[in-house]
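Enquirer: heads up, no residue letters with this:
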């Protein structure tokens, strides 16, 4: 090859190289931008959306140099065509309406509007026109109404997520009447309709069966009806299915025969499943997660149920009636991370197979029928437990001090001995209802400002002595030391419990006054120091500083002097128990300021609190219908005032009748005088009323008969007189009127004289029975109308002679006309 030819070849290759480089540069830096049509569609979408805080929604198109929509936040375009293929507006806190211009994005493959707020508006049916969509996520976006059937047009769709907010309020939420459109999505792999109301979709199972590529089926909390069993099963048509979550529905046990064998995730919890768990579940060798909790399963669980579950990591069979029957030396094929077997019977011995599990950090074997001593090997496990629940057994022995638990619940057992110093390692500790004894010094051995303890329940034990004055647990929210033998004064450092909401020190032997430092605990909602030996004044700062208080129980102490009017500032108060003290003076007239008492229905007080990994429901002991009882789950409905067994004097203030939400009122065993307020009948929510053993006089107000719900009434041992009002319940309380010799009428044998009967009673069974039209003014108007009408006619006839002649001539004519016509008719009848 000549030199000239070689130079030519080199130039050719250099030119070719330059062309390739230019092509690659062009491919990596495309000049293709999104079309004007798509850009305008996105701007129209932006126009209909605003931020939750009212500010601007999106920054699209604000800057001149940012005209290419492919560079806008959440917008992604194809490198080859420049068309918008992905729109991701997840968690942008947007609200408003979706513009129909969205359908201009015909090349869109991915649409994510999750985590926004569309104010309950319906999913736009025009989304079904985006025929290239592969991914659609509208979850947690507060859509409502009927799911549009047009979604069935999205034949390329592989991922569909319409999850609703987890509030389970189906009224006004998103729902479907049928799923006839679902089988059209033949490429669908992922389906999540959690908390979508599907209660009317009888054929939901058939629709799911026709999705041959489905891998994930999540229908949690859909209120699904029991499936109609047919010859087609999930195993036959959806062999790719690996995740099934049908929890919190109305399913029955027939669902098991429909499950495919290659599942790795199965959640059927919170259903109505009954009968036995089939043994062939042990053949699902891919299972990693099983949750069958909170059903009505019964029968025996054997080793066969787990024979091939070597991949299992999560097991929850709790809240069923199951018996675990394993051989003593059984070695499971799995290594679990979480073990939840609460209420499954496995006793009386401690389950030895737990010794083989080296990885679990959550264990629940509560109410398992175990009556054994916790073996040494269990304490020696090196697992760092996040959660352990051994409660409601008959476990004996002592607690070890070197425990590494974040949440420990061993309540309702037979554990004894001193409580070890473990507070520094736990967030929640429940040792209640055991036989622990010794001093409370362990509370201070590891107490620091950095302590993470939030929940501590030592109630119903035998802990004695004085409380150490070292309370600097600034994260503590719940403290229950009730029903022990603690003595001395309440420590002043409890004022450093800045996060405390529930403080229960009742049924101990505390003395002295309530420390004023407690006024710093401004988060307090419940204070119970009843059944102690506390004395002094009821502090004014209870009503001045602790404005969140909803429950105050100071009963059975030695508090004296008067009730401070500052308590009337507690607008959230729903239980006030000052009974069995030495309180004197009058009942404050400002009680009508207690707005929670003045409202009917349940209070806004949250009875249930979450502490780390378990929930706690506040409870309180109250004297109800003469009996001391504990209230827990319905505590929010209880509105009670108990001032009984004191030295209160004066009249019952009429302002108390404004507390129309009161359910229980006990003013018995005081020195009250005067009459029962005439409007006592306004308290129509009352279930219990006790005014006994006072010096109340006068008649029983007729309005008391309006209280239709009253189930307990005691007015005995007073100076009441006159007739007992008649009411639907009042004549059933035979002993309620004893010790009032001047009372008469049923149910007493003494018959009332005319003078004692008093004014005539119009019984109103219920406030709703009153006719708003039939009032005193109505009767007066009716009387005046009759008088005017009567004298308007008669007076005219008497005073005006021409009117009188005309009127009587009319009557004569009318009489003759009637006589003639009657005779004619009579003759016709006779002639026939």
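Expert: Done, it's in. Just so we're clear, the structure is a prediction, and the values are computed from it rather than from any experiment.
Enquirer: downstream neighbour of the least confident helix or strand in the chain by mean pLDDT in the secondary structure list?
Expert: Considering only helices and strands, the least confidently modelled element of the chain by mean pLDDT, DSSP states H and E is helix 234-237, at a mean of 46. Read in the C-terminal direction, the helix or strand following helix 234-237 is strand 243-245, with elements assigned using DSSP states H and E.
Enquirer: Parallel or antiparallel, list what pairs with whatever helix or strand comes next after that next one.
Expert: Beyond strand 243-245 in the direction of the C-terminus, DSSP H and E gives the next helix or strand as strand 265-267. For strand 265-267, the paired strands and their directions (DSSP bridges) are strand 243-245 (parallel), strand 289-291 (parallel).
Enquirer: which residues are in contact with strand 265-267?
Expert: Strand 265-267 is touched from outside by 220, 242-247, 259, 284, 287-292, with contacts defined as CB atoms under 8 Å, 6 or more residues apart in numbering. Glycine gets a C-beta too; all of them are placed from N, C-alpha and C.
Enquirer: out of these, who's nearest residue 750?
Expert: residue 247 (64.5 Å; CB to CB).
Enquirer: tell me the least confident of the contacts of strand 265-267?
Expert: The pLDDT minimum for those sits at residue 259, where the score is 87.
Enquirer: what's the burial count for that one?
Expert: By the criterion of other CB atoms under 10 Å, residue 259 has 20 neighbours.
Enquirer: Could you check how far it is from residue 214?
Expert: With the distance defined as CB to CB, to the nearest Å, residue 259 ends up 13 Å from residue 214.
Enquirer: What's the separation between residue 221 and residue 193?
Expert: Counting by CB to CB, the gap from residue 221 to residue 193 is 10 Å.
Enquirer: ok, and the most crowded of the contacts of strand 265-267?
Expert: Counting by other CB under 10 Å, residue 287 has the largest number of neighbours within these, with 26 neighbours.
Enquirer: hang on, isn't residue 179 packed against residue 200?
Expert: No. Checked against CB atoms under 8 Å, the pair residue 179 and residue 200 is beyond contact range at 10.4 Å.
Enquirer: So between these two, which is more surrounded?
Expert: In terms of neighbours (other CB under 10 Å), residue 179 is the more surrounded of residue 179 and residue 200; the figures are 21 against 12.
Enquirer: which residue packs closest to that one, ignoring adjacent ones?
Expert: residue 207 (3.9 Å; CB to CB, 6 or more residues apart in numbering).
Enquirer: could the strands paired with strand 265-267 be laid out in JSON lines, adding distance to residue 715?
Expert: As requested, the strands paired with strand 265-267 are arranged in JSON lines below (distance: least, CB to CB, whole Å):
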{"stretch": "strand 243-245", "distance to residue 715": "58"}
{"stretch": "strand 289-291", "distance to residue 715": "56"}
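Enquirer: which stretch among those strands comes nearest residue 308?
Expert: Between residue 308 and those, the shortest separation by CB to CB is 12.9 Å, and it involves strand 289-291.
Enquirer: Direction included, what does the helix or strand following the closest one pair against?
Expert: Moving toward the C-terminus from strand 289-291, the next helix or strand (DSSP H and E) is strand 296-301. For strand 296-301, the paired strands and their directions (DSSP bridges) read strand 274-275 (parallel), strand 321-324 (parallel).
Enquirer: Could you list the buried residues of strand 296-301?
Expert: Of the residues in strand 296-301, those with enough neighbours to count as buried (16 or more other CB atoms under 10 Å) are 297, 301.
Enquirer: Is residue 343 in contact with residue 324, as I believe?
Expert: No. In this structure, residue 343 sits apart from residue 324 without contact. The criterion is CB under 8 Å, and the distance is 11.1 Å.
Enquirer: ok, residue 651 to residue 662 distance?
Expert: Taken as CB to CB, the span from residue 651 to residue 662 is 18 Å.
Enquirer: Comparing these two, which residue is more hemmed in?
Expert: Under the criterion of other CB under 10 Å, the comparison of residue 651 against residue 662 puts residue 662 first, with 26 against 15.
Enquirer: Contacts only, for that one.
Expert: Neighbour list for residue 662: 597, 639, 640, 641, 683, 685, 686 [criterion: CB under 8 Å, 6+ apart].
Enquirer: For residue 681, which non-adjacent residue is closest in space?
Expert: Leaving aside its chain neighbours, residue 681 sits nearest to residue 703 (2.8 Å; criterion: CB to CB, 6+ apart).
Enquirer: what's the spacing between that neighbour and residue 657?
Expert: 9 Å.
Enquirer: anything in contact with each of the two?
Expert: Residues touching both residue 703 and residue 657 (CB under 8 Å, 6+ apart) are 679, 680, 682.
Enquirer: need the contact list for the residue lying closest to the last one once chain neighbours are set aside.
Expert: Using CB to CB, 6+ apart and skipping the chain neighbours, the partner closest in space to residue 682 is residue 657 (4.7 Å). Applying CB under 8 Å, 6+ apart to residue 657 gives the contacts 677, 679, 680, 682, 683.
Enquirer: Leaving out the residues flanking it, which one is nearest to the last one?
Expert: Computed as CB to CB, 6+ apart, the closest residue to residue 683 that is not its neighbour in sequence is residue 662, at 5.3 Å.
Enquirer: any weak-confidence spans in this structure?
Expert: The chain contains residues with pLDDT under 70 at 1-33, 53-57, 62-67, 166-172, 229-238, 382-383, 445-450, 602-637, 757-832.
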